[in-house]
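Q: sharing a sequence plus its predicted fold:
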Amino acid sequence: MNDALATLKERGFFKQCTDEEMLNKKMDEGPIRIYVGVDPTGPSMHIGHMVPLFAMHHLQEAGHLPIILVGGGTARIGDPSGKSDMRKMQTVDEIKVNAEKLKAQISRFISFESGGAKLVDNADWLAPLNYIEFLRDIGRHFSVNRMLTFEAYKMRLEKGLSFIEFNYQLLQSYDFLELYRREDCVLQIGGDDQWGNIVAGMELIRRVESGEAMGLTFPLVTRSDGKKMGKTEKGAVFLDPNMTSVYDFFQYWRNVADADVEKFLLMYTFLPVDECKRLGALKDQAINEAKEILAYEQTKIIHGKEEADKAREAARAAFSAGGATQDKSGMPAADIAASELEAGINIMDLFVKSGLCSSKSEARRLVSQNGAAVNGDKVSDVDAVIGTSFVVEEDGEKEVILKAGKKRFFRFVVK
RNA sequence: GGGGAGGUUCCCGAGUGGUCAAAGGGGGCAGACUGUAAAUCUGUUGCUUCGGCUUCGAAGGUUCAAAUCCUUCUCUCCCCA
């Protein structure tokens, strides 16, 4: 089997392929152009978006040429696949800004240097489309009867499906056709929910250009607890550190379920397969080691080694016994004026100020339920006043460490 | 265009004049147990200067009193055309 394909399979990036034999052969013959679509639907990707891109990373490693397609055109429509509601449409400007940020994030693990990956925007060819011509040249190749049999549309038929969404498949197929024509792209990869769209594109290429194109999908990543990948109660885990702090990002991975460790190591880190398997097989308390490695490696890929080191140290410091003796520079922090502490500040106000609690009522609950701690000591009196006596000095820095529950920390640096 | 059914707190979903900050479930948060896991159990879950204040699609109105009644608007779904 072709090495690149073998890697994908080993690491869990393989669900189905339109023609595995041919793909094998083509990849053996030399580098091929591969495309994956990403919709710039927000200012930052979240980790649920990452799977196809990590798969692409491995393909690029094997010498193939990635094309990352940002759906500048299609983002204005919304893909019905796997969605129960119509997606919010976006303005042209929003999409443009998002696409730029996207590229910066992706370039951490996919090289856009000369001869490497390409970033293309389908608005380039979708925007100038002429409706009549499109219907005549492309639309005629699609059978409504057939489209209606697709699970994605069936589902939506019960809830309601707008005409533009129904057209999504045509546009995505057209993307594939354009990339086949322009870039000689012969493979599209994507999540398994994209299977129908990918196959449709492949068939379009065959009909219009008599070309041979292929598709490959990965399993949709699910967590063993059934929650959506990358979603937390507070929202998605974003790659942008301004939206999800590096510390929180690290913690998300540190806290995955035991059953998910091996799968995530394989898919979300670049560690050798054997190592992933060894770590994933660890039992009981020992598996915490694997979780830390998973969190560290993933953070390193997305935020860089320096940030990953900081986050790991911060986590170790926060959770180890005693907890107040090591480096805490990765912990979320903010400055606080010395004068404020001299005057004394109510415990609830301090938690709200830190952002650990979003309202005073929440802070009150936290404190009265015995979930609040200052410098490691529980505080259960809602009327407690935090003054200068709570300031600890460490390495020349004066600070106050707040803790909410077992896992959330915040550090105030006294200025 | 005609007819019908609906929009309730993070989500689902009860609630048809005061006893409603609003049942129940889910989710979340906290506590116990643990391994920063899972499961389980317990508490909690609008805001607050703790006097109150603001919520039930939007705006008006009736009433001592409205999520509940009336009017208009708006959005969603279904049937017919």
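A: All right, it came through fine. Numbering: from 1, shown residues only, chains lettered A, B, ... in the order given.
Q: part of a helix, is residue A:129?
A: No - counting by DSSP: H, G, I helix; E, B strand; the rest coil, residue A:129 is located in no helix; its state is coil.
Q: any idea of the pLDDT on it?
A: For residue A:129, the pLDDT comes out at 89.
Q: buried stuff in stretch A:366-378?
A: Residues A:366, A:367, A:371, A:372, A:373, A:374, A:375 are the ones in stretch A:366-378 that count as buried (16 or more other Cβ atoms under 10 Å). Placement of C-beta: from N, CA and C, glycine included.
Q: stretch A:162-177 now?
A: Within stretch A:162-177, the residues scored as buried using 16+ other Cβ under 10 Å are A:165-177.
Q: ditto for stretch A:10-23
A: By neighbour count on 16+ other Cβ under 10 Å, the buried set for stretch A:10-23 is A:11, A:12, A:13, A:14, A:17, A:18, A:20, A:23.
Q: and which of those is nearest RNA strand B?
A: Of all the buried residues of stretch A:10-23, residue A:12 has the smallest distance to RNA strand B: 19.5 Å, by Cβ to the nearest atom of the strand.
Q: from residue A:18, how far out is that closest one?
A: 19 Å (Cβ to Cβ, to the nearest Å).
Q: all strands of the stretch 251-400 of chain A, in order?
A: Using DSSP state E, counting those that start in this stretch, the strands found in the stretch 251-400 of chain A span residues A:333-336, A:345-346, A:372-374, A:377-378, A:385-386, A:392-394, A:397-404.
Q: which of those strands has the highest mean neighbour count?
A: Highest mean neighbour count of these: strand A:372-374, a mean of 22 (counted as mean count of other Cβ atoms under 10 Å).
Q: what is that one packed up against?
A: With contacts defined as 3 or more Cβ pairs under 8 Å, 6 or more residues apart in numbering; DSSP states H and E, the packing partners of strand A:372-374 are helix A:347-354, strand A:397-404.
Q: would CSV of these with mean pLDDT be doable?
A: Formatted as CSV, the helices and strands packed on strand A:372-374 follow (pLDDT from 0 to 100):
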stretch, mean pLDDT
helix A:347-354, 94
strand A:397-404, 89
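Q: okay if I get those as JSON lines plus distance to residue A:303?
A: Below are these laid out as JSON lines (distance: least, Cβ to Cβ, whole Å):
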{"stretch": "helix A:347-354", "distance to residue A:303": "22"}
{"stretch": "strand A:397-404", "distance to residue A:303": "23"}
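Q: redo the ones you listed as CSV? Include distance to RNA strand B.
A: Output for these, formatted as CSV (distance: least, Cβ to the nearest atom of the strand, whole Å):
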stretch, distance to RNA strand B
helix A:347-354, 7
strand A:397-404, 5
